[in-house]
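> Have a look at this prediction, sequence included:
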Amino acid sequence: MKTKIFADANLRVGEIDRNLFGSFIEHLGRAVYEGIYEPGHPTADENGFRGDVLELIKELNVPIVRYPGGNFLSGYDWRDGIGPRDKRPTRLDLAWFSTETNEFGTDEFMKWCKKAGITPMMAVNMGTGTILDAAHLVEYCNHAGGTTISDLRRANGAEEPYNVKYWCIGNEMDGPWQTGHLSADEYGKKALEAAKVMRWTNGEYEKNAPHDLKLIVSGSSNHEMKSFPEWDRVVLEHTYEAVDYLSMHRYYQYDEDRKRPLEDFLGSADDMNEYIGTLKATIEYVRAKVRSTRHLKISFDEWNIWTVDAPRNEPLWKKAPHLLEDVYTFRDALVFAGLMNTLLNNCDVVKIACLAQLVNVIAPIMTKKGGGTFKQASFYPFRYLAGNASGEAVRTFSDTDTFENMYGTARYINEAVTHDRAKREVCVSLCNYSQEARDVELELRSFGTLKAKEYVRMTNNDLDAVNGFDHPDTVKPEILDVPAVKDGSLVSLTLAPMSWSFVRFTY
Ligand code: AHR
């Protein structure tokens, strides 16, 4: 059986925003401490930023990082994390039952972003925090000086304002697990007021002027919430004109007890596509209802595979405990690549996406305290796609066969095709979710006369294979001979059973 996939340069889905390859660092477990920040580590600089971790983040090509949470955010007072370190309070973190020393805070994050060449995406507390706390953080970060709060930043060593553009208004406020959880109506009203004062603080006082701050309002935590998608509708009806993005989150898991079939996990990418579709429709519905001319975008600011459910094998109230340290299997990497395909195929509306998270906590990069690092299996699809999939995504038509799973029907061959006109490049990412090898014919019409430049593949006989500190290369891509291109646009590939393939062409 041959699967035919057709893509045409004229069938543009949308422009790929680089922020689609963003990530997330929360004060959770060892993401900050022993992750990006470890004073005294052999590779640490004078700020305590681990150089080995920075190198890997650069290799991943991450353009934007969300901070400081996550669930942590909803009990966090940003003032705890600024000023002289010996005066910063040590607090109980009620989100993760850990002890937060506040050694690392806003100024350290800004410095780290600068060093990493990363755009900061800050978040304001809508759980225990007030709208004024949110406005004051904007003032601390963005006001030039001459007020008590902005002069505090200058006194803390940052003469120039940080000019932070992206701001999340709270985190997962629909979840009862959130400190200070609110109803949709309560949150919608509070988010609107927060947006208003954050903009005023930033000097945006004209109601219909183009937005300088890009504000992200919290949507549903996942589509299994009882309140989904009503939550999104209600929140958007309050905030539509005041914000720029609706946030969405989703983690997929493999059922290690095998009570659910593998197909349920392999259906994740197509399910993510449906979820985005519902939120696109909700945005359009509200847009019509509030008679707006603006098209809000989606910030998918937490996505990943998360299988180990918040393990508490550490005593409570530890500093930097080992939490959520999932070790990703080859199987996870295959599903992960499919999720990335889905993000690309929805790049008309998903303009920001944050892989949650970046280091140690459900992350592509793992570190040892005082020691080395290893790249998880998921590192590779991210690295290839973030590094190459640019320009625009184009629509594809495929006659792949399908399988049934708990979410509905999913495709065995799952693909994304991108086209960068400036670089004269076409990239194809292909997952084969079948246990059999599959012949695929790519018909890449109207891109020009294509030449294959790069062909990499991830395949493994053991779906449970993982990387580790002492076996860092068990799961990694292999580099193959580039395929022939017939008549400049026809490419025949044989996809290995359960594999991910990436092909880059130029013209
Ligand atoms: O990323 C881990 C957690 O998942 C975040 O803190 C929270 O927002 C989500 O539930």
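Perfect, I can see it now.

> got the residues of the stretch 201-350 of the chain near the ligand?
Within the stretch 201-350 of the chain, the positions lying close to the ligand (C-beta under 6 Å from any ligand atom) are Glu302. Using the backbone N, CA and C atoms, a C-beta is placed for each residue, glycine as well.

> Now do the residue in the stretch 351-500 of the chain positioned nearest to the ligand against Gly51, distance only.
Closest contact between the stretch 351-500 of the chain and the ligand, by C-beta to the nearest ligand atom, is at Ala356 (4.3 Å). To Gly51, Ala356 is 24 Å away according to C-beta to C-beta, to the nearest Å.

> Look at those two and report which has more neighbours.
Ala356 (27 against 12; other C-beta atoms under 10 Å).

> give the contact list for the residue nearest to that one when sequence neighbours are not counted.
Leaving aside its chain neighbours, Ala356 sits nearest to Glu302 (3.9 Å; criterion: C-beta to C-beta, 6 or more residues apart in numbering). The neighbours of Glu302, taking C-beta atoms under 8 Å, 6 or more residues apart in numbering as the test, are 24, 70, 249-251, 354, 356.

> Most neighbours among these, please name it.
Phe24 (29 neighbours).

> Test my guess that that residue contacts Ile64.
No. Applying C-beta atoms under 8 Å as the test, Phe24 and Ile64 come out as separate, 9.6 Å apart.

> Residues that sit against both of the two, list them.
Cys354.

> what's the longest helix along the chain packed up against?
Of all the segments of type helix in the chain, defined by DSSP state H, the longest one is helix 268-289. Under the contact definition 3 or more C-beta pairs under 8 Å, 6 or more residues apart in numbering; DSSP states H and E, helix 268-289 sits against helix 230-239, strand 245-252, strand 297-305, helix 330-345, strand 408-411.

> Go again with 10 Å.
helix 230-239, strand 245-252, strand 297-305, helix 330-345, strand 350-356, strand 402-405, strand 408-411, strand 413-420 (3 or more C-beta pairs under 10 Å, 6 or more residues apart in numbering; DSSP states H and E).

> Which residue is the nearest non-sequential neighbour of Gln376?
Tyr328 (4.4 Å).

> Just give the number of residues close to that neighbour.
For Tyr328, the neighbour count with other C-beta under 10 Å is 24.

> Quickly note the distance from the closest residue in space to Gly371 that isn't next to it in sequence to Lys319.
Of all residues not flanking Gly371 in the chain, Phe469 sits nearest, at 7.3 Å (C-beta to C-beta, 6+ apart). Noted for Phe469: a distance of 22 Å to Lys319, by C-beta to C-beta.

> Next: Met1.
Distance from Met1 to Lys319, by C-beta to C-beta: 56 Å.

> Flag every buried residue along stretch 230-246.
Of the residues in stretch 230-246, those buried under the neighbour-count criterion (16 or more other C-beta atoms under 10 Å) are 231-246.

> Can you tell me which of these is nearest Pro483?
Tyr245 (38.5 Å; C-beta to C-beta).

> Would you confirm that that closest one contacts Ile352?
Yes. Look at Tyr245 against Ile352 with C-beta atoms under 10 Å: they come within range, at 6.4 Å.

> Now do the shared contacts for those two.
The contact sets of Tyr245 and Ile352 overlap at 166, 168, 214, 216, 297-301 (C-beta atoms under 10 Å, 6 or more residues apart in numbering).

> Determine which two of these are furthest apart.
The largest separation in those, counting by C-beta to C-beta, is between Lys214 and Phe300 at 14.7 Å.

> Name the residue in the two with the higher neighbour count.
Neighbour count, other C-beta under 10 Å: between Lys214 and Phe300, Phe300 has more, with 30 against 19.

> Please list all residues in contact with Ala194.
Counted by C-beta under 10 Å, 6+ apart, Ala194 has contacts 124-126, 129-135, 138, 167, 169-170, 187, 215, 217, 239, 242-243.

> what sits against Lys368?
Contacts of Lys368 (C-beta under 10 Å, 6+ apart): 30, 34, 41, 360, 374, 469.

> Out of those, the closest to Ala422 would be?
Among these, and counting by C-beta to C-beta, the member closest to Ala422 is Phe374, at 34.9 Å.

> Am I right that that closest one falls within a strand?
Yes. Assessed by DSSP: H, G, I helix; E, B strand; the rest coil, Phe374 belongs to a strand.

> Could you give the bridge partners of it?
With DSSP bridges as the criterion, Phe374 is bridged to Met366.

> what number of residues lie near it?
Neighbours of Phe374 (other C-beta under 10 Å): 21.

> Spell out the secondary structure type for Met458.
Under three-state DSSP, the three-state class of Met458 is strand.

> Check Val503 too.
On the basis of three-state DSSP, Val503 is classed as strand.

> coming back round to it: write the PyMOL selection for whichever of the contacts of Lys368 are buried.
In PyMOL syntax, the buried subset of the contacts of Lys368 is picked out as below (16+ other C-beta under 10 Å):
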select buried, resi 30+34+41+360+374
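
> what's near enough to touch Asn460?
Asn460 is in contact with 329-331, 333-334, 377, 474-476, 496, 498-499, counting by C-beta under 10 Å, 6+ apart.

> which one of those residues is nearest Asn273?
Once C-beta to C-beta is applied, the member of the contacts of Asn460 that ends up nearest Asn273 is Leu334, at 16.3 Å.

> Tally up the residues packed near the closest one, please.
27.

> Please, a PyMOL command that selects the buried ones among the contacts of Ala194?
Per 16+ other C-beta under 10 Å, the buried members of the contacts of Ala194 correspond to this PyMOL selection:
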select buried, resi 124+125+126+129+131+133+134+135+138+167+169+170+187+215+217+239+242+243
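
> which residues of the stretch 401-507 of the chain fall in strands?
402-405, 408-411, 413-420, 425-432, 438-445, 451-459, 478-479, 490-495, 499-506 (DSSP state E, counting those that start in this stretch).
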